[in-house]
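Pasting a predicted model and its sequence here:
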Amino acid sequence: MFDETGATIAEERSATKAPLTDDDVRALLATVERVVVARGRSRRDLDPKEAELDALRGPTGKFRAPIVLSGTTLLVGFNAEALSEL
């Protein structure tokens, strides 16, 4: 499956129908070297070993969407600039 830019999408999952569990996110954090947390126009780079799950959650308590794994970088939340860098 491909997105509008032609990039390959390995897996797509609905955040409402099949939300990620804490264990799912911990497993993702164990595989990456960099975490980018986006909140609107702001963004923070985190060390995955020090990232707390609460830092990846939105105001509703669920994990921010989208969560994009690209290589060794995990993008959590939407930020157009960060997404285009991936």
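Okay, I see it.

okay, CA-based contacts and neighbour counts for the rest of this
Fine.

which SS class is Asp24?
Here Asp24 is recorded as helix under DSSP: H, G, I helix; E, B strand; the rest coil.

and it, what pLDDT?
At Asp24, the model reports a pLDDT of 92.

Next: Asp3.
Looking at Asp3, the pLDDT reads 48.

333 is where my numbering starts, stick with that
Shifting the count to begin at 333 puts that one at Asp335.

worst-scoring helix or strand of this structure, pLDDT-wise?
None of the helices or strands of the chain scores lower by mean pLDDT, DSSP states H and E than helix 412-417, at a mean of 83.

Which residues outside that helix are in contact with it?
Contacting residues not belonging to helix 412-417 are listed as Val368, Ala370, Leu407 [Cα atoms under 8 Å, 6 or more residues apart in numbering].

Tell me where the model's unsure across this structure.
333-342 (pLDDT under 70).

same thing but 50
333-336, 338 (pLDDT under 50).

what are the ranges of the helices in it?
For the chain, the helices defined by DSSP state H occupy 354-361, 412-417.

Show me the one of these that comes nearest Leu385.
helix 354-361 (7.4 Å; Cα to Cα).

sorry, back to before: compare the helices of the chain and report which one is nearest to Lys394.
helix 354-361 (9.9 Å).

before we move on, back to that, just say which of the helices of the chain is most tucked in.
helix 354-361 (a mean of 14; mean count of other Cα atoms under 10 Å).

How about Val364: what's its closest non-neighbour residue?
Leaving out its chain neighbours, the residue that sits closest to Val364 by Cα to Cα, 6 or more residues apart in numbering is Thr404, at 4.5 Å.

what's the answer for Ile399, then?
Val408 (4.5 Å).

count of residues packed around that neighbour?
26 (other Cα atoms under 10 Å).
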